[in-house]
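Chemist: Build me a structure from this.
(2 chains)
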Amino acid sequence: MEYKIEKKKAPGRDEVEVLGATFEKGKPEGEDAGKWRQKLDSREERLKYLQSGERYFYSQEWFGSEKRKNPA
Amino acid sequence: MAEEQETKSIDQGTIELIEKAAKDGVNTAFDRAEAMKPCPIGSVGSCCKHCGMGPCRVPLPKGKEETPEEKQKRRGVCGATAETIAARNFIRMIAGGAAAHSDHGRGVAELFLEVARGGAPGYGIKDEQKLLQVALDLGVEIGERTNNEIATDIGQIVLGEYGKQEGELITLRKAPLKRQELWRKLGVAPRGIDREIVEIMHRTHIGVDQDYKSLLKQGVRAALADGWGGSLMATELQDILFGTPAPILGQANLGVLEKDEVNIIIHGHEPLLSEMIVAAAQEPEMIELAKSKGAKGINLSGMCCTANEILMRHGVPIAGNFLQQELAIVTGAVEAMVVDVQCIMQSVQTVAECYHTKIITTSPKARIPGATHIEFDEHDALKSAREIVKTAIENFPNRKGNVHIPDNKTDQIAGFSHETINYLLGGMFRASYRPLNDNIINGRIRGVAGVVGCNNARTKHNEAHITMVKELIKNDVLVITTGCNAIACAEAGLLVPEAAKKFAGKGLAEVCETVGIPPVLHMGSCVDNSRILIAATAMVKDGGLGDDISDLPVAGAAPEWMSEKAISIGQYFVASGVYTVFGVTWPTTGSKEVTDYLFKDMEEMLGGMWAFEPDPIRAAHLMIAHIDKKRKALGIDKARERVLYDMDMRRELDAV
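Modeler: Residues are numbered from 1 along each chain as shown, chains lettered A, B, ... in the order given. Modelled structure (predicted):
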């Protein structure tokens, strides 16, 4: 996915760079409608998604309920 | 006549075709089930035919309590007790089911390795992200390596898991940490897939393991090798080769057949060949050939789990589930039914002989006398697929006038893989199960139920499936479904978002409307039950609902089960901590001890247990009661007032 960076004014600062809109215009059509995985272009992006989106399994920092002090 | 047929199915089109079959003089599973009652001794697990001294029948005495002396005498010639015999029969069912799923997985792994090595033209790696995911799971180096290099390592590791002799399956690591520890503690962590199945066959041979608890424990180990091993690997590798399912619109029921087109039904379980048939049927030369024979085009549809596979990935319509396979041919409009493995009735050939339909077998493992055999060759799969499509087209002019396609089909949305649910609930930047867990905690969703499994000719087609699912969603239980239950739900119109407003309770309907999902989520074929295990694990790992699957407010069911695969699936769900209710019949009631062990003792051991209840409403209420029990244990059974703590209140809390 190509990210758009927008410049905006922030209080107490001059211009700051922020991530712009990430939605795609229009309505998906045909067999590709709903195939969200195609939005990830490169291997780097895919690996990054696994570490964030599938953090339960692939992030070093995620433990959820599994490591809490008082087990249910 | 019509009234009589209405007792056989809840589906109008199915009833119409049962009537047509009767008029055409065609014998179907519905007729055979009526003419032949199940063996009362075999059906309760009290018949042993494992050696030449038998079969030995050890049924419970009818209409009276058994005395200890009578129980002592209730043995086979070799001395095996009713408990041993019931347990042997039960775990042999697990072995059969685990073997079927796992051999499916092996076939996928073999093709996968061929693809990686460049030996299977026409196939490729469609989902790189899933490839990377599985590489991480299996500890395969990624770095700058090509997809094919990574895939070669994955294929070799996966195939190695089938014949592994010691240690434990790598994929068990996907399970919650506490669950893995429990399996190790109990000694049920599977060593290798084939080994556990073979060991069941050994232990159940005459004169080997004669302690029913020990036998059932091995059944647990083999079932885990299926769910967290063979089935899971089949799903993962299929996703890499053919794409991880994402929401897709499709249609279901016998009305998807087209009167003026060449109808090809793909029936069975493995998507390896069917993916190629989908491609071949779209080729302009094939469409032209069909037109030259007088057809308007080629209409592909699926049956049983192959249907689920090609629906989830291509939106190919589903013609029906297990009990509709003969009836699809009875329409008189099917040029070819292409079959591979599992759940294919031998009688499809006999029925086909009454019409013009060609039954085409494609697997070297599954032949039917009288059928046309076109063997699937993965080294030139498109050639096999083209030959099959061509055979169907050339059969179109042989169609007879006696055609009736019921006017019934419904829309459905399928494709809810674990990955897609995770994405839908959180989006690309924070994909998460958090909204699901939060809505379970706040009570909008009461819990989650996995309702799966077959059709069974001993019970009204689709009735128990639909009655149970409707009762669950009415009570705010989100349903996830696979296999023939998913097809039944599609036919009843439950797999569209609008169904939430019509059938679901207020809380569940609110969540479905917000996310834009149906109240019943189609997760795939029967090997894809592994997707449910991963979804449950993700719920645990997200937090707030306990440390293990057995803590979750979830339950499972197979209201119309019939296959050995269903028993294996049920056992790996129980072994994963899920309360699992089966309908229709229960195969161990010939032994109270074995049944009690499965229905009661397993909960103490594994946190999950079996239950049997043929009434679908009562079964749904058992599941809801279990969900409520888990909610209470988690302390989320009552709405609580939310209090915003100020600093003084916090200090007070610290002092305690």
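Chemist: can I assume residue B:327 sits in a strand?
Modeler: No - Residue B:327 sits outside any strand when classified using DSSP: H, G, I helix; E, B strand; the rest coil, being helix.
Chemist: ok, how many other residues are close to it?
Modeler: Around residue B:327 there are 28 other residues, counting by other C-beta atoms under 10 Å in any protein chain shown. Backbone N, C-alpha and C define where each C-beta goes, glycine included.
Chemist: now residue B:139
Modeler: 10.
Chemist: What's the separation between it and chain A?
Modeler: Computed as C-beta to the nearest C-beta, to the nearest Å, the residue B:139 to chain A distance reads 12 Å.
Chemist: Mind pulling up the pLDDT for that residue?
Modeler: The predicted local confidence for residue B:139 comes out at a pLDDT of 95.
Chemist: Likewise for the one 5 residues further on?
Modeler: Looking at residue B:144, its pLDDT stands at 94.
Chemist: next one: residue A:32
Modeler: Reading off the confidence values, residue A:32 has pLDDT 68.
Chemist: just residue B:275 next, same as before
Modeler: At residue B:275, the predicted lDDT confidence score is 89.
Chemist: Identify the residue nearest it in space, chain neighbours excluded?
Modeler: If you skip the residues right next to it in sequence, residue B:275 has residue B:242 as its closest partner in space, 5.5 Å away by C-beta to C-beta, 6 or more residues apart in numbering or on different chains.
Chemist: Kindly report the same for residue B:419.
Modeler: Nearest in space to residue B:419, with sequence neighbours left out and distances taken as C-beta to C-beta, 6+ apart, is residue B:244 at 5.3 Å.
Chemist: Residue B:505 now?
Modeler: The shortest distance from residue B:505 to any residue other than its chain neighbours is 3.8 Å, reached at residue B:476 (C-beta to C-beta, 6+ apart).
Chemist: Burial check on the one you found, number of neighbours?
Modeler: Residue neighbour count, defined by other C-beta under 10 Å, stands at 24 for residue B:476.
Chemist: Quick check on residue B:266: phi, psi?
Modeler: Per-residue torsions, residue B:266: phi -100, psi 120 (degrees, to the nearest 10).
Chemist: what about the chain, any weak spots by pLDDT?
Modeler: Since you didn't name a chain, this refers to chain A. Across chain A, the ranges flagged by pLDDT under 70 are A:1, A:27-28, A:30-33, A:62-64, A:67-72.
Chemist: try again with chain B
Modeler: The model of chain B has pLDDT under 70 over residues B:1-5, B:654-656.
Chemist: According to the record, where do the domains of it fall?
Modeler: Here the domain parsing of chain B from automatic domain parsing is B:2-63, B:82-242, B:254-398, B:431-634.
Chemist: for the stretch 551-656 of chain B, what spans make up the strands?
Modeler: Counting by DSSP state E, counting those that start in this stretch, the stretch 551-656 of chain B has strands at residues B:554-558, B:579-582, B:610-612.
Chemist: of these, which approaches residue B:648 most closely?
Modeler: Nearest of the strands of the stretch 551-656 of chain B to residue B:648, taken as C-beta to C-beta: strand B:554-558 at 40.0 Å.
Chemist: near chain A, which residues of the stretch 551-656 of chain B?
Modeler: On the criterion C-beta under 8 Å from any C-beta of the partner chain, chain A has as its neighbours in the stretch 551-656 of chain B the residues B:551, B:633-634.
Chemist: Now render those as a markdown table, adding neighbour count and distance to residue B:391.
Modeler: Shown next, in a markdown table, are those (neighbours: other C-beta atoms under 10 Å in any protein chain shown; distance: C-beta to C-beta, whole Å):
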| residue | neighbour count | distance to residue B:391 |
| --- | --- | --- |
| B:551 | 21 | 53 |
| B:633 | 14 | 58 |
| B:634 | 17 | 57 |
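Chemist: Apart from its neighbours in sequence, what residue is nearest the most centrally placed residue in chain A?
Modeler: When chain A is reduced to its mean C-alpha position, the nearest residue by C-alpha atoms, centre = their mean turns out to be residue A:49, at 6.6 Å. Among residues not flanking residue A:49 along the chain, residue A:40 sits closest, at 5.7 Å (C-beta to C-beta, 6+ apart).
Chemist: which residues touch the residue nearest to the centre of chain A?
Modeler: A:40, B:129, B:428, B:431 (C-beta atoms under 8 Å, 6 or more residues apart in numbering or on different chains).
Chemist: What about the last one, how many residues nearby?
Modeler: The reference is to residue B:431. Residue B:431 is flanked by 23 other residues according to other C-beta under 10 Å.
Chemist: how much space between the closest residue to it other than its chain neighbours and residue B:416?
Modeler: Setting aside the residues directly before and after it, residue B:431 is nearest to residue A:53 in space (C-beta to C-beta, 6+ apart), at 3.4 Å. As for residue A:53, its distance to residue B:416 is 16 Å (criterion: C-beta to C-beta, to the nearest Å).
Chemist: And the two? Which one has more around it.
Modeler: Between residue A:53 and residue B:416, counting by other C-beta under 10 Å, residue B:416 is the more crowded of the two (27 against 23).
Chemist: Wait, that one touches residue B:245, no?
Modeler: Yes - look at residue B:416 against residue B:245 with C-beta atoms under 8 Å: they come within range, at 7.3 Å.
Chemist: Flag every buried residue along the longest helix seen in chain A.
Modeler: Secondary structure of chain A per DSSP state H: the longest helix is helix A:43-53. Neighbour-count burial for helix A:43-53, counted by 16 or more other C-beta atoms under 10 Å in any protein chain shown, picks out A:46-47, A:49-50, A:52-53.
Chemist: ok, now stretch B:514-521?
Modeler: B:517-521.
Chemist: Now, those that are in strands?
Modeler: Counted as lying in strands by DSSP state E, out of those, are B:520-521.
Chemist: Select, out of the strands of the stretch 551-656 of chain B, the one closest to residue B:90.
Modeler: Set against residue B:90 and scored by C-beta to C-beta, the strands of the stretch 551-656 of chain B come closest in strand B:610-612, at 10.1 Å.
Chemist: And the strands in the stretch 51-200 of chain B, which stretches?
Modeler: Using DSSP E, counting those that start in this stretch, the strands assigned to the stretch 51-200 of chain B run over residues B:56-57.
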